[in-house]
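>>> Quick one, fold the following:
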Amino acid sequence: MTKSPEPLEGAPLIAPSTVDHPLYEQIVEACRTVYDPEIPVNIYELGLIYTVEINDQNEVRVIMTLTAPGCPVAGDMPGWVADAIEPIPGVKQVDVELTWEPPWGMEMMSDEARLELGFM
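Prediction:
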């Protein structure tokens with residue numbers, strides 16, 4: 001097994017999203033319709049969506065994680081995300097990639113998720 005290269009100093013652990021693209025907000029809203037079946041909060045507010053990249057051809061790449069590598073829906077959730085995004089008018093293609101770097105932590109949850117789960 002090979003070790004992942006160390007990130008360059010100053011490089012973000014999570015790649016930035018394409019927030020200025022006209023489809024970005026619709027894609028985020030679509031991600032908010034997908035729920036972790038074990039936690040009653042959508043995956044966007046849980047902080048599982050790391051990056052949403054949208055290119056000039058409206059092809060979407062989502063980099064996401066799960067709350068734990070042993071998550072029982074690890075094989076299904078990326079498909080749920082793609083299925084939520086694909087119907088958006090203008091989206092040409094959706095690729096969803098799972099990553100474990102950086103590992104998910106409770107600090108990645110939004111305030112809304114923390115409130116919903118009773119952590120605030």
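
>>> Look at the spatially most central residue of the chain and report its pLDDT.
Residue closest to the average C-alpha location in the chain (CA atoms, centre = their mean): I49, at 1.5 Å. Note on I49: pLDDT of 97.

>>> Likewise for P5?
pLDDT recorded at P5 is 55.

>>> ok, and the helix or strand in this structure with the lowest average confidence?
helix 111-116 (a mean of 90; mean pLDDT, DSSP states H and E).

>>> tell me what that one is packed against?
The elements that helix 111-116 packs onto, with contact taken as 3 or more CB pairs under 8 Å, 6 or more residues apart in numbering; DSSP states H and E, are helix 43-46. The way it works is simple: take the backbone N, C-alpha and C, and place the C-beta from them, glycine included.

>>> What helices and strands are in contact with the helix or strand following the helix it packs on?
Using DSSP states H and E, the helix or strand that follows helix 43-46 in sequence is strand 49-54. When contacts are defined as 3+ CB pairs under 8 Å, 6+ apart, strand 49-54 sits against helix 24-31, strand 59-64.
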